[in-house]
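Mind looking at a prediction? Sequence and model below.
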Amino acid sequence: MMNRKIPMRQCVGCREMKPKRELLRIIRTTEDELFVDATGKKNGRGAYICPNRTCLERAMQSRGLERSLKIAIPPNIYVEFEKEMEKLDTR
């Protein structure tokens, strides 16, 4: 019996390799819009982050999310990401 390979991705906050399904994907579309992609299947440049506040804060301080998405991110967008994470966490 063959075991399926589990796709691993690196969190831009804590820099740990984790299974793709445990992380949230943040995408930048061709129109430079930023979204939290809960499904992980939308088109656009993506970056993965753990679904907790500490990793989001680390990503803000280290600018890891900005480097991964190749775009400057204003502080109000981080607040929106935090709200989206809370919504997804309550489901």
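Nice, thanks for sending it over.

Sketch out the low-pLDDT regions of the chain for me.
Counting by pLDDT under 70, the chain shows low-confidence ranges at 89-91.

hmm, try it at 90
Scanning the chain for pLDDT under 90 picks out 1-4, 35-41, 51-53, 75, 78-91.

Tell me where it has helices.
Ranges of helices within the chain are 53-62, 64-69, 75-90, based on DSSP state H.

So which of those is nearest Glu22?
Taking Cβ to Cβ, helix 53-62 is the member of the helices of the chain nearest to Glu22, at 11.4 Å. Just so you know, the C-beta spots here come from the backbone N, C-alpha and C atoms, and that holds for glycine as well.

List the buried residues of the closest one.
Cys55, Leu56, Arg58, Ala59, Met60 (16 or more other Cβ atoms under 10 Å).

residues in contact with the first one?
Residues counted as contacts of Cys55 (Cβ atoms under 8 Å, 6 or more residues apart in numbering) are Cys11, Val12, Gly13, Cys14, Ile49.

So what's the residue count around the last one?
What that stands for is Ile49. Around Ile49 sit 25 other residues, with neighbours defined as other Cβ atoms under 10 Å.

That one contacts Arg9, correct?
No. Ile49 is not in contact with Arg9 according to Cβ atoms under 8 Å; the separation is 9.5 Å.

Overlap in contacts, these two.
Common neighbours of Ile49 and Arg9 (Cβ under 8 Å, 6+ apart) are Leu23.

ok, residues contacting stretch 18-29?
Defining contact as Cβ under 8 Å, 6+ apart, one finds that stretch 18-29 is touched by 6-11, 34-38, 40, 42-51, 65, 69-71, 81, 85, 88.

Please produce a ChimeraX select command covering the buried subset of those residues.
Those of these that count as buried under 16+ other Cβ under 10 Å are selected in ChimeraX with:
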select :9,10,11,34,35,36,44,46,47,48,49,50,51,65,69,81,85
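
Now Cys50: closest residue in space, sequence neighbours ignored.
Cys11 (4.8 Å; Cβ to Cβ, 6 or more residues apart in numbering).

mind listing what the one you found touches?
By Cβ under 8 Å, 6+ apart, Cys11 lies in contact with Lys18, Leu23, Tyr48, Ile49, Cys50, Cys55.
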